[in-house]
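Novice: sequence first, then the predicted structure, then my questions.
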Amino acid sequence: MKIIYFFYQLFIALPILIVATILTSATIIIGTSIGNAHFWSYWPGKIWSILFCYVLLLPVRVKRNPNVRKDTSYVFVANHQGAFDIFLIYGFLGHDFKWMMKKGIRKIPFVGKASEAAGHIFVDKSGPRKIYATIMNAKRVLTGGTSLVIFAEGSRSFTGHMGHFKRGAFQLADQLQLPIVPITLNGPFDVLSRTAKWPKWHPLTMTIHDPIYPQTKGEENVNRLMEESYKAIMNGLPEKYQGMVENPDQ
C-alpha cells in the first residue's frame, strides 16, 4: 500500500496540488486587489487547505469547542508539529483569522505574495520600532471576530514533542486584553516531519480548547496565559508525544 500511495502522490496528487497552489495564490492576489478583501483573503486559502488534505487522502478530525464564539476575536496558539499544521488550521478551524508568520515566508514563490495580499501579519524583530509596528498591525486586524493564529514554539518540532513557548503571542494577548485559545495539533508530524522529504498517510486531529481570558494586565497575566495554554495543549497530545523536548533552533 505504501508503494501505491507513493505513486498516487507523485502522479496524481502532486500535479493537482501544484496547480491548486498557483491558482489559489493568483485568486487571492487578484481578488483582494479588486474588492471584498475580507472574502478573498480567507476563503481561497481555506478551500486550498481542505483540498490539500483530501487529495492526499488524509482523514481529518476536529474536536470543536462550543465556548469559542465566531463573533469574538481571539489569539489562537498551537503547537507546531509540521508543515501540515497550516493546512489543518487553515482548512478546518472554522474561524476567520490572520496568520502571524515569519517574514521569510514572503520569499516563497506565489505563497509569499498571496500571504501579503491577504493581510497576514509578518513578524519583524529587527528592532523596537518594527516590533511595535507588528503589534499595531495586529491590533488593527483583531476586530469584529477576526482572530490571530500563532505557533507558540516559533518553529517546527524535530520530534513531535512540544518545545518551549515564546512569549510574543501571550504578550500580544495581554496588551490587547484578548482571550487565548489553545489548539492541540496531532498527526502533522507523522504526515511530514521537519526532516522528512515526502508525506506519509496518517490521520490529522485538531483539538480546540477552552478560551483563557485575561484576569489582569502585565507580567503576571502573561505568565498565567502561557502556563495554562502549555498545559492544555500538552494534555491534548497522545502519550508518545507527551513531555517537553527542546528544539535546537528555539
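Specialist: Yep, that arrived.

Novice: the strands in the protein, which residues?
Specialist: When secondary structure is read from DSSP state E, the chain shows strands at 60-63, 75-78, 97-102, 121-123, 147-151, 180-186, 204-208.

Novice: of those strands, which shows the lowest average pLDDT?
Specialist: Least confident of the strands of the chain, judged by mean pLDDT, is strand 121-123 with a mean of 82.

Novice: that one pairs with which strands, and in what direction?
Specialist: strand 97-102 (parallel) (DSSP bridges).

Novice: with just CA atoms, put the strand it pairs with into PDB.
Specialist: Provided in PDB are the C-alpha atoms of strand 97-102 (Å, rounded to 0.1, in the frame of the first residue of the first chain):
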ATOM      1  CA  PHE A  97      -8.300  34.700  11.200                       C
ATOM      2  CA  LYS A  98      -5.000  36.100  10.100                       C
ATOM      3  CA  TRP A  99      -1.700  34.200  10.500                       C
ATOM      4  CA  MET A 100       1.200  35.700  12.300                       C
ATOM      5  CA  MET A 101       4.200  34.400  10.400                       C
ATOM      6  CA  LYS A 102       7.900  34.800   9.900                       C
END
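
Novice: my guess is R194 contacts F158. True?
Specialist: Yes: if you go by Cβ atoms under 8 Å, R194 and F158 touch, sitting 5.5 Å apart. Glycine gets a C-beta too; all of them are placed from N, C-alpha and C.

Novice: nearest residue to Y213 in space, please, no chain neighbours.
Specialist: Spatial nearest neighbour of Y213, chain neighbours left out: P179 (4.6 Å); criterion: Cβ to Cβ, 6 or more residues apart in numbering.

Novice: which ones are touching the one you found?
Specialist: By Cβ atoms under 8 Å, 6 or more residues apart in numbering, the contact list for P179 reads 72, 74-75, 173, 211-214.

Novice: same check, this time on N186
Specialist: Contacts of N186 (Cβ under 8 Å, 6+ apart): 81, 204-207, 236-238, 241.

Novice: cool, and L172?
Specialist: Shown in contact with L172 (Cβ under 8 Å, 6+ apart): 75, 135, 138, 148, 150, 178.

Novice: please tell me how far it sits from T195.
Specialist: Computed as Cβ to Cβ, to the nearest Å, the L172 to T195 distance reads 30 Å.

Novice: cool, F11 as well?
Specialist: Distance from F11 to T195, by Cβ to Cβ: 25 Å.

Novice: low pLDDT regions in the protein?
Specialist: Across the chain, the ranges flagged by pLDDT under 70 are 125-128, 130-131, 250.

Novice: other SSEs contacting the longest helix seen in the chain?
Specialist: Selection of the longest helix in the chain by residue count, based on DSSP state H, yields helix 14-34. In this structure, helix 14-34 packs against helix 37-55, helix 111-117, with contacts taken as 3 or more Cβ pairs under 8 Å, 6 or more residues apart in numbering; DSSP states H and E.

Novice: quick one, which of those helices gets closest to A26.
Specialist: helix 111-117 (7.9 Å; Cβ to Cβ).
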